[in-house]
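Enquirer: the sequence and its predicted three-dimensional model are supplied below.
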Amino acid sequence: MAHVEFRTCPGKYRHWRLAADGPVATLTMDVDEAGGLVPGYELKLNSYDLGVDIELYDAVQRLRFEHPEVKAVVVTSGKEKIFCAGANIRMLAASSHPWKVNFCKFTNETRNGIEDATEHSGQTYLAALNGTASGGGYELALACDRILLVDDRSSAVSLPELPLLGVLPGTGGLTRVVDKRHVRRDRADYFSTKSEGLAGKKAVAWKLVDEAVPRVRWQEIVEERAVALASCAHRLPGGPAIELTELQKERTADSVRYSHVSAVLDRDRAVAEITVTGPSAEAPSSMAGVYAQGAAFWPLAVARELDDLILDLRTNETEIGTWVFRTEGDPARVLAHDDLLLESAATDWLANEIVLYLKRTLKRLDVTSRSLIALIEPGSCFAGSLLELALAADRSYMLFGTFLDDTVEDVDPTVLSNPGPPAAITVGPMNVGPLPMGNGLTRLQTRFFGDETSLADAEKAVGEPLEAEDAEKLGLVTFAPDDIDWAEEVRIAVEERSAFSPDALTGLEANYRFVGPETIETKIFGRLTAWQNWIFYRPNASGPDGALRAYGTGKRADFDRKRV
């Protein structure tokens, strides 16, 4: 596959149109049939591939930051009698298994972002299905708060993946039907095995859509409902819109560099060495300074850069299985930027949006199938929002003391006499509520699940720099080796990861990262996504006689009838 770039803007869109009119915006899906991300398929009937979803993700982000006046978003189609036919079947049939997995994961993260905007940003999404919505098209509608379906005796909603393709809806369709729409289980079972789906009044009665609207009144009703949703939505006040300027990114064969985030790719070891740099200046004194800095404001810039890096590496670097995180900078400045956001998040839309963006970016890291290791060394700034990287890691190593080896002949004497302060971490207010995982718990709550005493002890340490001994006692780091053992322990940990089965590691990590309550998100990523990925890999779906390859040929799939 060619290198995939996730940076885009409305001026480069080929498949979506974004228009804002006061409190109501409209996202119109009008897919360019010849605009596939790679050659070999046509995107007919508003079917989509990763390129279409990249534009949708960008549009959802821009609505949150560049259109603070918008309170309702209408998602509709620019084509007659078709809303969206879902993921392109030819694309899926020709794609590698890792490509399918990442495609489904990114697509669902975008759906989650739509739901997050509705719940937390005061931008309510309305799906205006002016034609049939099938498969991923209906899943997109399910991510919206309200669904209108044109009642013209031909337009329907359906999840036909099981009867037609031998797979499942890969971006949360099954879960949202029963957990979000509250469709009865028996009806959901029937619906998901009926390839033509349901239409009109029956779709309304079964709660698959909210309203069936005659075509003659379609435009009028859609406008009325959008205005009504906008009037009910609560969007925080604040300053002017913030332009999401193009990320400055330098990509080479063995590195990715932004202003505050960088990654060095070691293909021989299958490791990405990722460094996040803290703020170079003090936090602004008020939100006025944040608006003045715009997209350059450090927390927003870091969230965007880390978000793009995660997407880049997990899509384009599938054989780099271990990500090692370091930070550099002044932890006090990190905490000051956090404090400014949290002081204003309840009253200012921009502060709220930046905190939400940090939350979504860290959630994306949580569900990424890579081994995550954090290295906490002198000069690091794992504090507050950046401490979340260490708490998200599968393991963390914190140096006890300083790097000081006076047996090395050429060591700088000034380093021996003044080695600097030892490494420290600081739990901040960001770590105790604002940045929950997909399970609804903070990473501290997840770390100490079932151990309320340890959780309370960690939360009591808010604002206190903790060196290795105290951090280890509190359970905030995994290991605290000294200078003598540091290099060897880190080397073994990283090399060990490369020696294990990557499939087994993905299963291990996904099981341990999420504990406690199950939510729609954990069901989709932990249950449905796992099953979907397994089903996609099976011969019944992807084999030479499987349903994906047989689709459209007139030949029936030859299924292996054994249940496993």
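Expert: Good, I have the coordinates.

Enquirer: export the helix or strand harbouring residue 339 to CSV, keeping only CA atoms.
Expert: Assessed by DSSP states H and E, residue 339 sits inside helix 331-344. Provided in CSV are the C-alpha atoms of helix 331-344 (Å, rounded to 0.1, in the frame of the first residue of the first chain):
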residue,chain,number,x,y,z
PRO,A,331,6.8,19.6,34.4
ALA,A,332,5.7,22.8,36.1
ARG,A,333,4.9,24.3,32.7
VAL,A,334,2.9,21.3,31.7
LEU,A,335,0.9,21.5,34.9
ALA,A,336,0.3,25.2,34.4
HIS,A,337,-1.1,24.7,30.9
ASP,A,338,-3.3,21.9,32.3
ASP,A,339,-4.5,24.2,35.1
LEU,A,340,-5.4,27.0,32.7
LEU,A,341,-7.6,24.6,30.7
LEU,A,342,-9.3,23.0,33.6
GLU,A,343,-10.1,26.4,35.2
SER,A,344,-12.0,27.4,32.1
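
Enquirer: tell me what it is packed against?
Expert: With contacts taken as 3 or more Cβ pairs under 8 Å, 6 or more residues apart in numbering; DSSP states H and E, helix 331-344 sits against helix 287-293, helix 298-316, helix 349-366. C-beta coordinates here come from the backbone N, C-alpha and C atoms, glycine included.

Enquirer: off-centre distance for the helix or strand where residue 75 lies?
Expert: Per DSSP H and E, residue 75 falls inside strand 72-77. Distance of strand 72-77 from its chain centroid, counting by Cα atoms, centre = their mean, to the nearest Å, is 21 Å.

Enquirer: which non-adjacent residue is nearest residue 261?
Expert: Among residues not flanking residue 261 along the chain, residue 305 sits closest, at 4.1 Å (Cβ to Cβ, 6 or more residues apart in numbering).

Enquirer: residue 471 now?
Expert: Closest residue in space to residue 471, ignoring its immediate chain neighbours: residue 477 at 4.8 Å, by Cβ to Cβ, 6+ apart.

Enquirer: go on, residue 42?
Expert: Spatial nearest neighbour of residue 42, excluding adjacent residues (Cβ to Cβ, 6+ apart): residue 33 at 4.8 Å.

Enquirer: wait, what's in contact with the one you found?
Expert: By Cβ atoms under 8 Å, 6 or more residues apart in numbering, the contact set of residue 33 is 42, 43, 44.

Enquirer: list phi and psi for the closest residue to residue 294 other than its chain neighbours.
Expert: The shortest distance from residue 294 to any non-neighbouring residue, by Cβ to Cβ, 6+ apart, is to residue 242 (5.1 Å). Taking degrees, to the nearest 10, you get phi -110, psi 120 for the backbone angles of residue 242.

Enquirer: quick one, the helix ranked longest in the chain and helix 298-316 angle?
Expert: Counting by DSSP state H, the longest helix found in the chain is helix 97-120. Angle, helix 97-120 to helix 298-316, by axes from the mean of the first three to the mean of the last three Cα atoms, to 10 degrees: 150 degrees.

Enquirer: and helix 97-120, what's buried?
Expert: Across helix 97-120, burial judged by 16 or more other Cβ atoms under 10 Å covers 99-118.

Enquirer: what angle sits between that helix and strand 72-77?
Expert: Going by the same axes, to 10 degrees, helix 97-120 makes 140 degrees with strand 72-77.

Enquirer: and the next helix or strand past helix 97-120?
Expert: Going down the chain from helix 97-120, the next helix or strand is strand 124-129, by DSSP H and E.

Enquirer: show me the beta-bridge partners of the nearest residue to residue 17 once chain neighbours are set aside.
Expert: Counting by Cβ to Cβ, 6+ apart, residue 17 lies nearest to residue 28, which is 4.3 Å off, once chain neighbours are set aside. Beta-bridge pairing of residue 28 under DSSP bridges involves residue 17, residue 76.

Enquirer: residue 28 contacts residue 83, doesn't it?
Expert: No - here residue 28 does not reach residue 83: they are 10.8 Å apart, not a contact under Cβ atoms under 8 Å.

Enquirer: what is in contact with those two at once?
Expert: Counting by Cβ under 8 Å, 6+ apart, the residues touching both residue 28 and residue 83 are 76, 77.

Enquirer: so for the two, which residue has more residues nearby?
Expert: The neighbour comparison of residue 28 against residue 83 (other Cβ atoms under 10 Å) goes to residue 83, with 28 against 16.

Enquirer: ramachandran angles for that one?
Expert: Main-chain torsions, residue 83, degrees, to the nearest 10: phi -80, psi -60.

Enquirer: equivalent analysis for residue 24, please.
Expert: phi -120, psi 130.

Enquirer: let's have the chain start at 127 instead
Expert: Taking 127 as the first residue, the last one we looked at is residue 150.

Enquirer: what does stretch 211-222 rub up against?
Expert: Here stretch 211-222 makes contact (Cβ under 8 Å, 6+ apart) with 127, 162, 164, 166-175, 226, 229, 233, 258, 260-265, 291, 296, 668, 674-675, 677-678.

Enquirer: centre of the chain to that stretch, how far?
Expert: For stretch 211-222, the distance to the chain centre is 21 Å (Cα atoms, centre = their mean).

Enquirer: name the SS class of residue 650, please.
Expert: Of the three states, residue 650 takes helix under DSSP: H, G, I helix; E, B strand; the rest coil.

Enquirer: give me the most central residue, this protein.
Expert: For the chain, residue 490 is the residue whose C-alpha lies nearest the centre (Cα atoms, centre = their mean; 3.6 Å).
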